[in-house]
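1. Quick one, what's the 3D model for this:
(one chain, ligands or ions: 1)
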Amino acid sequence: MCAERNTDKKKKSAATGCSDGKENIIMSKSKQNFSIEVEGMKAVCPLGEVVGNKMIAEGKIPVISCEGGCFRGEIARVAAHMVAKEEPYSRGCHGEMFTAPRSAMAEWARKANKVVVIDGCFMHCHGRIMKNIVGHENMIQFDALPMYNKDNKYSDTMLVDEIPEAERKDLARQVADKILASLKDSTPFNSEPQLSCGCA
Ligand code: SF4
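-> So this is what the prediction gives:
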């Protein structure tokens, strides 16, 4: 089945004209920073206030992830839930951390010793935002994709439903275990970033 997928991928690459040159262009596009204006609001999530303050009091380390709609984002999201079940971690809400700076959730991110960010692919979307909130040195960032995408088996998978739930859970478990081991040893997970499309 894997061989079949790789053959399909080659066909797709040939069809799209994706080559090493194009891959380099995709990986190295503009690094110019930019801003997004966020509509402010006075309200904060009442439950988020309770949880955020509790997490600050208990000295927990927040874990956030890519919450994107694709298969890779889903694996990162489920893996984040798994990591957050272990001490001293707990699941954080990136929504309030990014858009409600006066919320207890955002305060938790700023006060925590570290924030763990599990991104779904090499785009590192959440990490690129979070490092500007808590500082690069206070963030531990992971790219989930290279942890399970052996032989580029999942490089062409876009929709969550393309992969059965049990297989997704198993992949998320693999990612969570690797991240927990890396956090325990204080060693970064060394892997080459992988493109999310069939070009890799
Ligand atoms: S393409 Fe990358 S950033 Fe977008 S949802 Fe998927 S994993 Fe997340």
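2. Can you tell me which residues in the protein are near the ligand?
-> Proximity of the chain to the ligand is confined to C66, G68, G69, C70, R72, G73, G120, C121, M123, C125, S196 under the rule CB under 6 Å from any ligand atom. Where you see a C-beta, it was placed from the backbone N, CA and C, and this is true even at glycine.
3. what sits against the fourth one?
-> It stands for C70. G120, M158, L159, V160, S196 (CB atoms under 8 Å, 6 or more residues apart in numbering).
4. Quickly note the distance from it to M123.
-> Computed as CB to CB, to the nearest Å, the C70 to M123 distance reads 11 Å.
5. Who are the contact partners of I64?
-> Counted by CB under 8 Å, 6+ apart, I64 has contacts A80, R91, G92, C93, H94, M97, V115, V116, V117, I118, H126, M130.
6. Next up, identify which helix or strand I140 is on.
-> strand 139-143 (DSSP states H and E).
7. Now tell me what touches that strand from outside.
-> Contact partners of strand 139-143, identified using CB under 8 Å, 6+ apart, comprise 114-122, 124, 127, 130-131, 175, 179, 182-183, 189, 191, 193-194.
8. May I have the strands that pair with that strand, each with its orientation?
-> The strands beside strand 139-143 in its sheet (DSSP bridges) come out as strand 115-119 (parallel).
9. what comes up buried for the helix or strand just after the strand it pairs with?
-> Where DSSP H and E defines the elements, the next helix or strand beyond strand 115-119 is helix 125-134. Residues of helix 125-134 classed as buried by neighbour count (16 or more other CB atoms under 10 Å): C125, H126, G127, M130, K131, I133, V134.
10. Closest one of these to the ligand?
-> C125 (4.7 Å; CB to the nearest ligand atom).
11. shouldn't the closest one be in contact with S65?
-> No - C125 lies out of contact with S65 (CB atoms under 8 Å); the separation is 10.2 Å.
12. so what sits against both of the two?
-> Joint contacts of C125 and S65 (CB under 8 Å, 6+ apart) are D119.
13. can you list the buried residues of helix 125-134 in JSON lines and add pLDDT?
-> Listed next are the buried residues of helix 125-134 as JSON lines, based on pLDDT from 0 to 100:
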{"residue": "C125", "pLDDT": "95"}
{"residue": "H126", "pLDDT": "96"}
{"residue": "G127", "pLDDT": "95"}
{"residue": "M130", "pLDDT": "96"}
{"residue": "K131", "pLDDT": "95"}
{"residue": "I133", "pLDDT": "95"}
{"residue": "V134", "pLDDT": "95"}
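14. what's the closest non-adjacent residue to C66?
-> G120 (3.6 Å; CB to CB, 6 or more residues apart in numbering).
15. circling back: need the buried ones from the residues of the chain next to the ligand selected in ChimeraX.
-> Restricted to buried positions by 16+ other CB under 10 Å, the ChimeraX selection for the residues of the chain next to the ligand reads:
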select :66,68,70,72,73,120,121,123,125,196
